[in-house]
Structures are given as structure tokens and as C-alpha cells.
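Colleague: what follows is a predicted structure for the sequence shown.
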Amino acid sequence: KLWNTNHRPERVKAAFEASLKRLQLDYVDLYLIHTPFAFQPGDEQDPRDASGKVIYDTRVKLLDTWRAMEDLDKSKCKAIGLSDVDVERVKEIFEAATVKPAVVHVESHPYLPEWDLLDYCRKNEIVFQAFAALGHSSEPNLLKDPVITAIANRIDKTPAQVALAWAIQRGTALLTTTKTPS
């Protein structure tokens, strides 16, 4: 992912090349803009002012960053996409893009279904990638939800299997996380 401090068009290529180097790869299948908002450019990953507030870069627009992503070497960057965006931001980029977003990567699970965004992605042949497909460990806990646990008990599956099946059946690509190395 392109980090928030590298949204200015003149920083995109160098940030991409640095990612390849860190990953020890010649190319990536997908490179995403991490968020639709930019931080103050520079080497500080989390730039903050004296009162601890994030310093945003309001001089760069998401479309400016997208245009720089479109210019990345296609032999090194096979596809580009967006992360943590709403449907309006996806529409804005899609309508203006020369290279259309291949993937939209957002949190999505039964508590956050993102129906409008999913529908837009389907209609425009954009892969909808759901992260945190099992929810978060915060409250309310998706895997302890009474409806999900009742379904799981009825069909002799785990609540996690029910939540993942829900994501797959609606046609999303999904990512999960783990709490333990094992």
C-alpha cells in the first residue's frame, strides 16, 4: 500500500520502488492507496503537531495520487486500487480514471456490509476485497452474535465459518487476521 505521507504525485514512484525493495520483489500484483486522505509528506510516518493532532496534507487530492499510480511501470505494478474508501470516492476515481481501480479494499462483515459499495463494484467489475471479515475483537463481537451463533449451531459450523461463508456467498474476496502466530 502507498502510505499516507507519499500521496503527492512526485512521491508515488519512489515510494513504490521502496516498497518493492523492502519486499524483495521485482513486481507486485496489486498496489493500493492506503487511505483517501494524505498526511504531511516526509519521512515521519505519523506526522503530528505540538498538540498531538495528525498533520494532513490538504494540497493533494486523491485523484492527483491516482494519476501518479496510473503512471507506475505496468511490468512492476500489475494492478492498482483503493483502500478505506466510500462509494463516492470510488465513483470519483472510476469516472476520471484512465486505469480503472482493480480492487477496492474495505472493512466489511455482517455488521458493516457496505451494500452500496459492493453493488457499485459489481456493476463496474471491481473486486470488492473485505478485510476484517470476522469483525474485530471489539464490542459488539461478531463471532458472539446470537444470530450468527444460532446459525452456526444449527448447521454444525463455527461462527467464523458462518461469517466467512456470508462473505464468500455475496461474492467478495476476503482477508482475515489472526490473534496468535499459530
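Modeller: Nice, thanks for sending it over.

Colleague: and the strands in the chain, which stretches?
Modeller: Using DSSP state E, the strands found in the chain span residues 31-33, 80-83, 103-107, 127-131, 173-174.

Colleague: parallel or antiparallel, list what pairs with the last one.
Modeller: Under the criterion DSSP bridges, strand 173-174 sits next to strand 127-131 (parallel) in its sheet.

Colleague: got the contact list for the partner strand?
Modeller: Strand 127-131 is contacted by residues 81, 102-109, 114, 117-118, 121-122, 167, 171-175, 177 when judged by C-beta atoms under 8 Å, 6 or more residues apart in numbering. (C-beta placed from N, C-alpha, C; glycine too.)

Colleague: and with 10 Å instead?
Modeller: 30, 32, 79, 81, 83-84, 90, 101-109, 112-114, 117-122, 164, 166-168, 170-177 (C-beta atoms under 10 Å, 6 or more residues apart in numbering).

Colleague: can you check stretch 132-143 too?
Modeller: Against stretch 132-143 from outside (C-beta under 10 Å, 6+ apart): 106-112, 144-145, 148-149, 152, 158-160, 162-164, 166-168, 172-179.

Colleague: drop anything exposed from the residues you listed.
Modeller: Buried subset of the contacts of stretch 132-143 (neighbour count, 16 or more other C-beta atoms under 10 Å): 106-110, 145, 148, 152, 159-160, 162-164, 166-167, 172, 174.

Colleague: ok so, going back, same list, the strands of the chain, but as CSV with mean pLDDT and distance to Asp46 please.
Modeller: What follows is these, written out as CSV (pLDDT from 0 to 100; distance: least, C-beta to C-beta, whole Å):
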stretch, mean pLDDT, distance to Asp46
strand 31-33, 98, 17
strand 80-83, 98, 17
strand 103-107, 97, 20
strand 127-131, 96, 20
strand 173-174, 93, 28
